[in-house]
Every structure is written in C-alpha cells, then in structure tokens.
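*Asks:* Predicted model follows, preceded by the sequence.
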Amino acid sequence: MNPTTTDNNNSTRPTGATAQAPDTSTSRPRRRMLAVLLTITVLCAGALTWWHPWDQPEEVTPPETVCDGLYETAELDRILGSSIGDYWAVRSGHLIHNCTIQSGKPIATDARGYELDDAIVVIRYWPSDEYDAGNGVKWTDESMAADTENGVQKLDIPELEGNTYLWLRQLESENYVYGFWFGHDFTIVINLGDPENSLDGPKTTQEAMDVMPELLTYIVTQAQEHNAIPNPKLSKTPVSEPTDTADTPATDSTAIRNQPTSTPSAS
C-alpha cells in the first residue's frame with residue numbers, strides 16, 4: 001500500500017511515488033505553435049535567399065539615340081538584330097572620332113568561361129583618305145580597289161557618293177567584318193568584331209557581311225545629314241588628326257580578346 005499522511009481535517013495526501021505529474025494540457029499546444037512559426041520562418045528565409053532581389057541586374061533603359069544623337073537606336077537594332085544598351089564616343093571639338101555601341105544584354109560567357117564581347121559595333125570617322133588598320137596595314141580607296149588577296153570586296157551602294165568596300169579580316173581563328181566608305185579626304189570605317197564571340201548583334205560572320213551594305217548606308221547618310229563629318233566644299237581648313245591611337249590590335253577592341261570572368265573584358 002502507498003504511504004499516506006493525515007492532517008487535522010482527516011484528509012489524506014499521496015506521498016513519494018504517488019505524486020501527480022504537472023499539468024501539460026496547455027504546454028503542448030504552445031510547443032506546436034512555436035514549431036509551426038519556426039518552420040514558416042525558415043521557409044521564408046530560404047525563399048528570400050533564393051530570390052535575393054538586391055542581386056538582380058538593374059534593367060537597362062536604352063537611349064533613344066546613340067553616338068551623340070547621330071543614329072536612332074531602334075533603327076540600328078533593326079538592322080543589326082541587337083539590343084543596344086549604351087554607347088561611348090570620342091570627340092575633338094565638333095567632330096566625332098569614334099563611337100562604340102554596346103549591348104544592353106546581361107553579361108554572358110562562352111564554353112571556356114571567357115566573357116563575350118559586349119561591343120556590337122565600332123564606328124570610326126577618319127579625317128584622311130588613308131586608314132591605318134595596324135600591323136602595317138593601311139587602306140586607301142585605290143589599294144582596296146586593287147586588292148585580290150586580303151578578303152576585300154567592293155560594294156555597290158548607289159545611295160552613297162564615294163566608294164564602299166567590305167573587308168573580312170582574319171586573325172587566327174577570329175573574323176572581323178569591316179565596312180569602308182571613302183568620301184572626299186574622309187573615311188568612315190565600321191567594324192563588326194568577331195560575331196561568333198560577341199554578346200549581341202549578328203551571330204555569324206556571314207550575317208555580319210550581309211548587313212554591312214545597309215549598315216554603311218545608314219551610318220554614312222546620317223553622319224552627312226547631321227554634319228558630323230566635314231564638307232570640303234564649305235571649308236578647306238585642314239581637319240585635325242584623331243586624338244586617339246591608331247586602330248591597332250594592341251589598342252582597338254577589334255583585336256583585344258576577352259578575358260576570363262575574373263577579369264573585365266575589353267570592349
């Protein structure tokens with residue numbers, strides 16, 4: 001029998017092993033509620049970590065025009081099949097020397113981990129009838145017309161006064177598609193660099209070659225209409241030489257190769 005104690009009122013109370021356990025009728029629901037709240041907190045934290053909106057790239061709003069107002073972004077996107085995001089230009093006084101048009105697409109890499117070049121097209125305005133392409137290569141209207149060995153093709157663009165050419169420049173395994181227009185002591189050179197390794201614009205060398213006549217027509221006519229290139233009939237004052245360096249593989253984006261993702265790519 002269990003031992004009991006007796007008080008003055010003749011009541012008995014259990015002692016020792018017969019003591020009752022504390023009432024848990026209210027503590028169990030409380031524990032369940034805490035477990036549910038903890039689970040919800042962990043799920044929310046995980047979802048926020050996966051989404052992390054602060055790491056998302058900002059949406060790029062492309063300018064309506066590029067190259068200091070010379071060209072309509074929408075028209076260039078139509079011709080090139082691109083998504084222009086920005087540009088940068090080099091000027092000397094009222095004359096523009098070069099304009100690099102860049103993609104608005106997010107950075108991407110090739111299978112080797114190298115960043116794709118974000119430069120869609122580079123336009124150079126050369127105040128001379130001789131263009132220095134670097135590595136000892138210099139082009140004039142006459143030398144291009146006479147070339148039979150270096151991938152030069154004469155273009156027939158009736159909308160333009162002056163001669164136009166397409167030059168496929170091959171550097172090792174890379175192709176660079178150039179368009180040339182020779183005006184009056186002035187040259188405009190367009191470069192669609194290595195399409196197969198570019199982020200935006202024509203996807204293949206052949207596509208770049210196919211769009212060059214229309215691209216040259218638009219670039220030259222707009223530059224003329226906006227007086228971005230000198231008119232020798234109005235002034236015989238010599239035009240100053242470009243302040244930037246010659247178009248050589250060591251300095252121009254046409255021959256600077258992309259760097260691994262740990263190093264910013266050249267453009």
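*Replies:* Perfect, I can see it now.
*Asks:* Quick check on the closest residue to residue 116 other than its chain neighbours: phi, psi?
*Replies:* Closest residue to residue 116 apart from its sequence neighbours, by C-beta to C-beta, 6 or more residues apart in numbering: residue 199 at 4.0 Å. Placement of C-beta: from N, CA and C, glycine included. Main-chain torsions, residue 199, degrees, to the nearest 10: phi -70, psi -30.
*Asks:* Kindly report the same for residue 105.
*Replies:* Dihedral angles (degrees, to the nearest 10) for residue 105: phi -80, psi 150.
*Asks:* show me where the stretch 51-200 of the chain has helices.
*Replies:* For the stretch 51-200 of the chain, helices defined by DSSP state H, counting those that start in this stretch occupy the ranges 73-80, 141-146.
*Asks:* Tell me the buried residues in the first one?
*Replies:* Within helix 73-80, the residues scored as buried using 16 or more other C-beta atoms under 10 Å are 73, 76-77, 79-80.
*Asks:* before we move on, what about the last one?
*Replies:* Residues of helix 141-146 classed as buried by neighbour count (16+ other C-beta under 10 Å): 141, 144.
*Asks:* just checking, what packs against that helix?
*Replies:* When contacts are defined as 3 or more C-beta pairs under 8 Å, 6 or more residues apart in numbering; DSSP states H and E, helix 141-146 sits against strand 152-155, strand 163-171, strand 174-182.
*Asks:* what about the first one, average pLDDT?
*Replies:* Across strand 152-155, pLDDT averages out at 96.
*Asks:* quick revisit: quick one: closest of the helices and strands packed on helix 141-146 to residue 111.
*Replies:* strand 174-182 (15.5 Å; C-beta to C-beta).
*Asks:* and the direction of that closest one versus that of strand 163-171, what angle?
*Replies:* Here the directions of strand 174-182 and strand 163-171 differ by 160 degrees (axes from the mean of the first three to the mean of the last three C-alpha atoms, to 10 degrees).
*Asks:* Remind me what strand 174-182 packs against, helices and strands.
*Replies:* helix 141-146, strand 163-171, strand 187-193, helix 205-225.
*Asks:* right, and these - which one's nearest residue 117?
*Replies:* Evaluated over the helices and strands packed on strand 174-182, closeness to residue 117 peaks at strand 187-193, with 6.4 Å, by C-beta to C-beta.
*Asks:* ok, that closest one: who's next to it in the sheet?
*Replies:* Strand 187-193 has the following strand partners under DSSP bridges: strand 119-126 (antiparallel), strand 174-182 (antiparallel).
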